[in-house]
Every structure is written in structure tokens, then in C-alpha cells.
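Novice: below is the structure, and that's it, no one-letter string:
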């Protein structure tokens, strides 16, 4: 555990609690500036409604877009605008559904694919 000594980490979800508050308040830049973390973990994951596509409403279908993708977008944008210190790490969590699909969970698979895309895009921007 000594390799983690002195590490400042921010771990954020999005479906409820602190993570949801951050999504709604759009405060990642302020938190990054005040805490100066060396590790940021974006563990956004709203629970999708399980139903076939034909039974989905847009509200149900877009649940993971409005939580998972939104929080990753906001945090990665803040990190690109205000890069972390050298040697810092950002961890985003996606899903195997991003590769294989998920026919009963609405927009979940597409949202998780977008999380992976945003992660890749922001990595290229930071290392350009």
C-alpha cells in the first residue's frame, strides 16, 4: 500500500448521491482545481430499464446517455482543459456490451461505447 501513500483520488459515479450531484452541478473543474487529484476514477453507471427495443421509450432508452456519458464527457472535458499533474491516471469504466451489444437494455451498449470513444479521444488530445 505504500505506493498509494499521499495519493489524492476522486471516484465519481452518476446515478445517485455525490456523483449525481456533480453531474447536475457541473463542477468537475472546481473539484480538480481544489483537490488536485493524481487519480480520477469515473465509474458512472445508471441502471438501464430492461426491455426489448420496441417497448422502450426515449426516456428509458437514454438513461445511460444522460448519466454515464454525461458524467464522463464533463469530467474528461475538464481534464483536457485543465490537465492533471504528470504521472496521474484517469480510469473510465465501460462494459463488454460496448463491443457485443445489449439488446434488452436500451441505449446502454451505445452509451458504454461512447464512454470508450470519449476516453480514447481525450487521451489523444492530452498526448498530442
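Specialist: Ah, there it is. Just so it is clear, the structure is predicted and the values come from calculations on it, not from any experiment. Numbers count the residues shown, from 1 in each chain.
Novice: every contact and neighbour count from this point should use C-alpha atoms.
Specialist: OK.
Novice: where exactly do the helices run in this protein?
Specialist: Ranges of helices in the chain, per DSSP state H, are 17-25, 28-35, 58-61, 63-64, 70-81, 97-100, 108-126.
Novice: nearest to residue 87 among those would be which one?
Specialist: When the helices of the chain are compared by C-alpha to C-alpha, helix 108-126 sits nearest residue 87, at 12.3 Å.
Novice: dump the helices of the chain to TSV, plus mean pLDDT and mean neighbour count.
Specialist: Supplementary listing: those in TSV, determined by pLDDT from 0 to 100; neighbours: other C-alpha atoms under 10 Å:
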stretch	mean pLDDT	mean neighbour count
helix 17-25	61	15
helix 28-35	92	14
helix 58-61	94	15
helix 63-64	92	24
helix 70-81	94	20
helix 97-100	89	14
helix 108-126	92	18
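Novice: number of nearby residues for residue 89?
Specialist: Neighbours of residue 89 under the rule other C-alpha atoms under 10 Å: 14.
Novice: let me see the contact set for the residue nearest to it when sequence neighbours are not counted.
Specialist: Excluding its sequence neighbours, the residue lying closest to residue 89 (C-alpha to C-alpha, 6 or more residues apart in numbering) is residue 39, at 4.8 Å. Taking C-alpha atoms under 8 Å, 6 or more residues apart in numbering, we find residue 39 in contact with 7, 8, 9, 10, 88, 89, 90, 91.
Novice: how close does the residue nearest the centre of the chain sit to residue 66?
Specialist: The chain has residue 72 as the residue nearest its centroid, 2.9 Å off, counting by C-alpha atoms, centre = their mean. Per C-alpha to C-alpha, to the nearest Å, residue 72 is found 10 Å from residue 66.
Novice: check residue 46 too.
Specialist: According to C-alpha to C-alpha, residue 46 and residue 66 sit 9 Å apart.
Novice: residue 5 too?
Specialist: Note on residue 5: its distance to residue 66, by C-alpha to C-alpha, is 35 Å.
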